[in-house]
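A.B. asks: Provided below for reference: sequence and predicted model.
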Amino acid sequence: MRISPLPWLEPVIAHRGASGVAPENTLAAIRRAGELGARWVEVDLRRTASGPFVLMHDATLDRTTNGTGLVSETPCEAIAGLDAGGWFGSDFAGEPVPTLNAFMALCGELGLVANIEIKAEADADAVGYAAAKALLEGWPGTLPPPLISSDSPTLLRAVAKIAPDFPRGLIVTQVPSEAVLNERAWGCVSVHASDTFLTRAKTALLVASGYAVLVYTVNTPARARTLFGWGVDAIFTDHPEPARWQNG
Ligand code: G3P
Ligand code: MG
């Protein structure tokens with residue numbers, strides 16, 4: 001039995017935007033996902049030193065921008081001036097690091113639903129509270145609520161206190177213990193599992209737990225077919241064009 005349905009969930013979610021064809025976690029990647037036909041996008045959120053949140057996967061700026069250092073130790077104003085596209089290709093040079101507010105506005109403009117993964121190596125409680133407040137203030141009322149995910153139950157509990165109506169998902173890299181799977185305190189509706197550990201038997205355990213099961217990162221139609229056959233509800237992919245998944 002499903003714990004709580006996500007009726008607006010779709011089976012294909014653009015991972016970090018359409019990150020196979022545009023620089024991850026940029027507005028260009030979000031726009032590209034929409035152009036390709038995706039209705040859901042996943043992004044990674046991090047708190048900057050000055051407080052506002054930006055889209056960024058890594059803890060440091062080094063891999064995906066022309067800056068260096070920790071996101072958490074760099075003011076938002078400095079991060080906003082960095083190039084987050086040049087590393088991916090010259091066509092994207094000058095693409096900025098999006099703020100959370102810019103991302104939310106674009107989702108509203110394009111009608112995209114989001115899974116927002118909140119990353120924090122420290123201060124999970126405070127980061128969760130602050131992110132939830134920012135999301136409550138800025139998430140477009142025209143859209144279904146965002147699905148908030150994290151690998152930190154502490155962070156998810158903080159989000160639940162501030163924004164109880166936003167559904168939440170726990171990111172896992174192994175089948176969680178029964179105690180964790182039975183934990184309802186933070187009201188998760190989904191588990192987001194790494195494809196690297198999934199077998200038929202492990203997937204069956206997750207499906208039987210009653211959570212919606214979302215799997216990252218799946219880039220081949222054959223693997224997607226297998227996972228959907230095992231009862232998986234959705235996949236995160238860098239190549240979200242529906243034709244790839246419908247006919248592959
Ligand atoms: O949220 C699913 C997936 O994005 C988690 O892994 O490392 O790509 O953020 P990662
Ligand atoms: Mg992510």
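C.D. replies: Noted; the coordinates are in hand. Numbering: from 1, shown residues only. Ligands and ions are numbered 1, 2, ... in the order given.

A.B. asks: use CA for all of it now, contacts and neighbours both
C.D. replies: Fine.

A.B. asks: which residues sit against the host helix or strand of residue 134?
C.D. replies: Under the criterion of DSSP states H and E, residue 134 resides in helix 124-138. By CA atoms under 8 Å, 6 or more residues apart in numbering, the list of residues contacting helix 124-138 from outside reads 47, 53, 101, 104-105, 118, 120, 152, 154-159, 161-163.

A.B. asks: In helices, which of the residues you listed fall?
C.D. replies: 101, 104, 105, 154, 155, 156, 157, 158, 159, 161, 162 (DSSP state H).

A.B. asks: Looking at the residues you listed, which one is closest to residue 246?
C.D. replies: Residue 246 lies nearest to residue 104 out of those, by CA to CA, at 28.4 Å.

A.B. asks: Count the residues that sit near the residue nearest to the closest one when sequence neighbours are not counted.
C.D. replies: Nearest residue to residue 104, sequence neighbours excluded (CA to CA, 6 or more residues apart in numbering): residue 139, at 5.7 Å. By the other CA atoms under 10 Å criterion, the neighbourhood of residue 139 contains 20 residues.

A.B. asks: Just the buried residues of the ones in helices among the contacts of helix 124-138.
C.D. replies: Those of the ones in helices among the contacts of helix 124-138 that meet the buried threshold are 101, 104, 154, 155, 156, 157, 158, 159, 162, by 16 or more other CA atoms under 10 Å.

A.B. asks: Can I get the residues you listed in TSV including pLDDT and distance to residue 232?
C.D. replies: Putting these into TSV (pLDDT from 0 to 100; distance: CA to CA, whole Å) gives the following:
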residue	pLDDT	distance to residue 232
101	98	31
104	98	27
154	93	26
155	96	25
156	94	22
157	93	25
158	96	27
159	96	25
162	96	29
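
A.B. asks: Looking at the residues you listed, which is nearest residue 198?
C.D. replies: For these, the nearest to residue 198 is residue 156 (23.4 Å; CA to CA).

A.B. asks: How far does the lowest-mean-pLDDT helix or strand in the chain sit from its chain's centre?
C.D. replies: Ranked by mean pLDDT, DSSP states H and E, the weakest helix or strand in the chain is helix 178-182, scoring a mean of 74. Distance of helix 178-182 from the chain centroid (CA atoms, centre = their mean, to the nearest Å) equals 23 Å.

A.B. asks: Could you check the angle the next helix or strand after that helix makes with helix 153-162?
C.D. replies: Towards the C-terminus, the helix or strand next in line after helix 178-182, according to DSSP H and E, is strand 188-194. Relative orientation of strand 188-194 versus helix 153-162 (axes from the mean of the first three to the mean of the last three CA atoms, to 10 degrees): 150 degrees.

A.B. asks: Using PDB, write out the CA atom coordinates for strand 188-194.
C.D. replies: The C-alpha coordinates for strand 188-194 follow below in PDB (Å, rounded to 0.1, in the frame of the first residue of the first chain):
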ATOM      1  CA  CYS A 188       8.600  11.000   3.600                       C
ATOM      2  CA  VAL A 189       6.500   9.700   0.600                       C
ATOM      3  CA  SER A 190       9.400   8.500  -1.500                       C
ATOM      4  CA  VAL A 191      12.800   6.900  -1.400                       C
ATOM      5  CA  HIS A 192      15.300   8.000  -4.000                       C
ATOM      6  CA  ALA A 193      17.700   5.100  -4.600                       C
ATOM      7  CA  SER A 194      21.000   4.900  -6.400                       C
END
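
A.B. asks: other SSEs contacting it?
C.D. replies: When contacts are defined as 3 or more CA pairs under 8 Å, 6 or more residues apart in numbering; DSSP states H and E, strand 188-194 packs onto strand 168-172, strand 212-216.

A.B. asks: so where's this protein uncertain?
C.D. replies: Residue ranges of the chain with pLDDT under 70: 1-5, 183-186, 247-248.

A.B. asks: can you do 50?
C.D. replies: Filtered on pLDDT under 50, the chain yields the residue ranges 1-2, 185, 248.
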